[in-house]
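S.K.: I need the structure of the sequence given here:
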Amino acid sequence: QVQLVESGGGLVQPGGSLRLSCAASGPIFDINTMGWYRQAPGKQRELVAAISSGGTTNYADSVKGRFFISRDTARNTVYLQMNSLKPEDTNVYYCNVEGRAWVGSRLSAYDSWGQGTQVTVSS
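M.R.: All right, here's what the predicted structure looks like:
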């Protein structure tokens, strides 16, 4: 079972920066896409940013030019650098990782989610 541990959320003033981290552990064979999503109360979870195994990135229009996603393949970790934060960025941010993992002697696809980390942008 692949587990994700997120860190880096908190309270920041408008215009400030935060960096989120998400480390994957377990019987990982490979990791394909790593991404960050966010979900406000009463709303659907939305993609913030994603990065493929080849390094291709994808961002929501609302965060382009302010947020930057990266990954450390050796550490099975994905980062989200958030700059010029706005009050509307306030949300619970979830890490998502997809790939293949060992189940006994076989490979099986997985799609794992982190527990969520709160980001609050307020003065």
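
S.K.: Now do the same for Gln1: its pLDDT.
M.R.: Here, the pLDDT recorded for Gln1 equals 89.

S.K.: Tell me the secondary structure at Ala74.
M.R.: helix (DSSP: H, G, I helix; E, B strand; the rest coil).

S.K.: List the residues that contact it.
M.R.: Contact criterion Cβ atoms under 8 Å, 6 or more residues apart in numbering gives no residues in contact with Ala74. Backbone N, C-alpha and C define where each C-beta goes, glycine included.

S.K.: And it, how far from Ser52?
M.R.: Distance, Ala74 to Ser52, by Cβ to Cβ, to the nearest Å: 17 Å.

S.K.: Likewise for Met34?
M.R.: Counting by Cβ to Cβ, the gap from Met34 to Ser52 is 8 Å.

S.K.: When these two are compared, which one has more neighbours?
M.R.: The neighbour count for Met34 versus Ser52, taken as other Cβ atoms under 10 Å, is higher for Met34 (27 against 15).

S.K.: what's near enough to touch Arg66?
M.R.: Arg66 touches Met82, Asn83, Ser84, Leu85, counting by Cβ under 8 Å, 6+ apart.

S.K.: Between all of those residues, which two are separated the most?
M.R.: Met82 and Ser84 (8.3 Å; Cβ to Cβ).

S.K.: Need the residues touching each of those two.
M.R.: Going by Cβ under 8 Å, 6+ apart, residues that sit against Met82 and also against Ser84 are Ser17, Arg66.

S.K.: Compare those two (neighbour count), which wins?
M.R.: Neighbours per residue, other Cβ under 10 Å: of Met82 and Ser84, the larger number sits with Met82, 27 against 13.

S.K.: No further questions, thank you.
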